[in-house]
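In: fold the following for me, if possible:
(one chain, ligands or ions: 1)
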Amino acid sequence: MTTAQSNDAIFWSHRDNGRDQLAPLSIDKQTIDAQTGDEQADVVIVGGGFTGLWTAYHLKRLAPEKDIRVLEARRFGHGASGRNGGWVVGNLAGLERHLKGLPLAQRQALCELLSANVDEIGATLSQEGIDADFHKGGALYAAARYPAQEALQRGYLEHLLALGHRENDCLWLSADELNARARFRRPFGGIFHRQVATLHPGKLIDGLVERLAAMQVRLYQQSPATSIDDGKVTTPQGSVRAPMIVMATEGYNTLPQLRPHLVPVSSLVIATEPLSQSQWDAIGLAERSTFADASRLINYGHRSRDGRLIFGARGRYRFNARPRHQAAITQGDIQMRKALLQDLFPDLGEVHVSHGWGGTLGLSRSFRPHAIVDRRAGIATAGGYAGEGVAASHLMARTLAEMICGQDTPQTRAPWAFDGCALDQVVRRWEPEPLRWLGAQTITLSYATEEALASRERHLPLIGPALSRLNDRFAAVIE
Ligand SMILES: Cc1cc2nc3c(=O)[nH]c(=O)nc-3n(C[C@H](O)[C@H](O)[C@H](O)COP(=O)(O)OP(=O)(O)OC[C@H]3O[C@@H](n4cnc5c(N)ncnc54)[C@H](O)[C@@H]3O)c2cc1C
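Out: Predicted coordinates:
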């Protein structure tokens, strides 16, 4: 068995043409040197993940004359964008916090915007000739292992509809209907959400970098911003001055401006070898829908274009909010996820896990994503996607670009767009350590205990419901 290696040359370590290692970027080496000397630009973007690259893309589309530079501390896609689970979700984690108090018609229009964002990503990729395995097969949110999951999923469906998602997009599937789509161990029913797609993160990074180079965006790697001050970004060998600086570092943030507001939380993923046709016949997923099993301990999977199962589960917060730079994960981490996958799909039989990798996502203290342009400070930022950032980063990047260009659009009027605000006005600060770490440990333990009781179908008359109520409270705080 091989695992993802931890050097910087690796994005997402499974690819059609290379088992254990991604090929290096295919673009001209000239465009990815480190930044040197003192430069001037119209916009400088710090962070070379989806947020930074999509922001550059949308800015260049709106204002081709703008001189735009992207500074990436390591390699493009080093952060979560190069190593995620590939779900492209037509929703936002924490959306309810943005929609609270809005009339139904407005909520529905915003949900439409989120659905349209998924299709727009697909359309842009085909228009730009970026083959990133984009596939819209919807998502299955399943009650798949124990009876208590059915109520959780029915509650989630109510939540999606109350937010303003269309009934036609979020359907309840009976046990038989679910079983026709995917052969889970114990199908009790679930939700089919039409507005979800998948893509290959590494291929999207490659494609965006190549496209941006062709659009005359200046791209720099190995160029960490060591400070951002008074319209100037300093790097180890130079600086870039610009009237607008975009901080796009999300869960890999190293900037003092963002550290109090965003914390990194890790998540780990495995990929199997391509399955045989008889294995796919046994477990279903013919439409390549994504799947998640209702549990407080999040898991997420899908069938890749090259016939692998990609499956992520469970994460944790590390003391003092340290991002996870290393991609490799342990055999124990791999085995735990493999066992959960086989528990979900017992007909899978023996399966070989060829890859595993981990990374960190960004969680904002306000538990909702944001796109902020602080015109007075000349600073913009987007993030706080809480693990649902593949589609959200595209939407927030577009929103940032439109705000920077002074446009009035449905995106710039959306409740996650904050024009003329400072970060401190929009996103609260996290509690100091060790409170943050202790809080995270308590919630993780409490969730794990509830999951253990529910999955063993243990009905403890007092403890079970009390724990569930306690976790509902935690969820209300952190969802
Ligand atoms: C294991 C895992 C699975 C996930 N699965 C999914 C999924 O299936 N679907 C989904 O929607 N979301 C998923 N996510 C979340 C999603 O990947 C992220 O929300 C999204 O990629 C964030 O993009 P970003 O560009 O904002 O940040 P990142 O991709 O993290 O990029 C930030 C970049 O900033 C750079 N940087 C940091 N500091 C500096 C500095 N000082 N100077 C210059 N550069 C700097 C970093 O090196 C990094 O490359 C997952 C995340 C993880 C970790």
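In: closest residue of the chain to the ligand?
Out: Using C-beta to the nearest ligand atom, Gly389 is the residue of the chain that sits closest to the ligand, at 1.9 Å. Bear in mind the C-beta positions are built from the backbone N, C-alpha and C, glycine included.
In: does that residue touch Glu250 like I think?
Out: Yes. Taking C-beta atoms under 8 Å as the definition, Gly389 is a contact partner of Glu250 at 6.8 Å.
In: can you pull the residues that touch both of those two?
Out: 51, 80, 361-362, 383 (C-beta atoms under 8 Å, 6 or more residues apart in numbering).
In: could you identify the most distant pair in those?
Out: Spanning the widest gap among the shared contacts of Gly389 and Glu250 are Thr51 and Leu361, at 12.0 Å by C-beta to C-beta.
In: what sits against the residue of the chain closest to the ligand?
Out: Gly389 neighbours (C-beta under 8 Å, 6+ apart): 50-51, 80-81, 84, 250, 361-362, 369, 383.
In: those residues also near the ligand: which ones?
Out: 50-51, 80-81, 84, 250, 361, 383 (C-beta under 6 Å from any ligand atom).
In: check which helix or strand Glu451 maps to.
Out: helix 435-455 (DSSP states H and E).
In: next one: Leu363
Out: Applying DSSP H and E, one finds Leu363 within strand 353-364.
In: residue numbers of the stretch 351-479 of the chain in contact with the ligand?
Out: 358-361, 383, 385, 387-391, 393.
In: columns distance to Glu72 and pLDDT on top of the residues you listed, output as JSON lines?
Out: Shown next, in JSON lines, are those (distance: C-beta to C-beta, whole Å; pLDDT from 0 to 100):
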{"residue": "Gly358", "distance to Glu72": "20", "pLDDT": "90"}
{"residue": "Gly359", "distance to Glu72": "15", "pLDDT": "92"}
{"residue": "Thr360", "distance to Glu72": "16", "pLDDT": "92"}
{"residue": "Leu361", "distance to Glu72": "18", "pLDDT": "91"}
{"residue": "Gly383", "distance to Glu72": "16", "pLDDT": "97"}
{"residue": "Tyr385", "distance to Glu72": "18", "pLDDT": "96"}
{"residue": "Gly387", "distance to Glu72": "22", "pLDDT": "91"}
{"residue": "Glu388", "distance to Glu72": "23", "pLDDT": "94"}
{"residue": "Gly389", "distance to Glu72": "17", "pLDDT": "97"}
{"residue": "Val390", "distance to Glu72": "18", "pLDDT": "97"}
{"residue": "Ala391", "distance to Glu72": "21", "pLDDT": "98"}
{"residue": "Ser393", "distance to Glu72": "15", "pLDDT": "98"}
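In: tell me the one among these nearest to Glu450.
Out: Distance to Glu450, by C-beta to C-beta, is smallest for Gly387 among those, at 19.6 Å.
In: dump the residue contacts of the closest one.
Out: Gly387 makes contact with 93, 265, 267, 298, 315, 361, 363 under the criterion C-beta under 8 Å, 6+ apart.
In: if I look at it, how far off is Arg436?
Out: 18 Å (C-beta to C-beta, to the nearest Å).
In: which residues touch whatever helix or strand Leu219 lives in?
Out: According to DSSP H and E, Leu219 maps onto strand 218-220. With contacts defined as C-beta under 8 Å, 6+ apart, strand 218-220 is touched by 31-35, 41, 48, 67-72, 76, 209, 212-213, 235.
In: then stretch 153-163?
Out: By C-beta under 8 Å, 6+ apart, stretch 153-163 touches 91, 95-96, 99, 107, 111, 141-143, 167, 170, 172, 189-191, 193, 294.
In: then stretch 283-294?
Out: Here stretch 283-294 makes contact (C-beta under 8 Å, 6+ apart) with 87, 135, 137-145, 149, 152-153, 156, 179-184, 190, 192, 196, 198, 280, 298-303, 305, 344-345, 347-348.
In: of those, which belong to strands?
Out: Judged by DSSP state E, the contacts of stretch 283-294 include 87, 139-143, 190, 192, 196, 198, 299-303 as members of strands.
In: ok, and the most crowded of those residues?
Out: Counting neighbours by other C-beta atoms under 10 Å, Gly190 comes out on top of the ones in strands among the contacts of stretch 283-294 with 33 neighbours.
In: beta-bridge partners for that residue, please?
Out: For Gly190, the beta-bridge partners under DSSP bridges are Ala142, Leu173.
In: is it true that it touches Ala180?
Out: No. Using C-beta under 8 Å, Gly190 is not in contact with Ala180, being 11.7 Å away.
In: looking at the contacts of Gly387, spot the one nearest Tyr447.
Out: Nearest member of the contacts of Gly387 to Tyr447, counting by C-beta to C-beta, is Ile298, at 9.5 Å.
In: for the closest one, give me its contacts.
Out: 267, 292, 313-315, 387.
In: same check, this time on Arg61
Out: Ala401.
In: assumed it was part of a helix.
Out: Yes. Under DSSP: H, G, I helix; E, B strand; the rest coil, Arg61 falls within a helix.
In: over to Ala292: give its phi and psi.
Out: Per-residue torsions, Ala292: phi -150, psi 150 (degrees, to the nearest 10).
In: now it: how far from Ser223?
Out: Ala292 is 37 Å from Ser223, by C-beta to C-beta.
In: and if you look at Glu65?
Out: 24 Å.
In: so which of the two has more stuff around it?
Out: Ser223 (26 against 6).
In: pLDDT at the more buried one, what is it?
Out: With respect to pLDDT, Ser223 scores 97.
In: OK, contacts around it?
Out: For Ser223, the contacting residues are 34-35, 71-73, 235-237, by C-beta under 8 Å, 6+ apart.
In: also Ala371?
Out: So Ala371 contacts 380-382, 396-397, 399-400, 403, 416-418 (C-beta under 8 Å, 6+ apart).
In: please apply the same query to Arg365.
Out: So Arg365 contacts 261-263, 427-430 (C-beta under 8 Å, 6+ apart).
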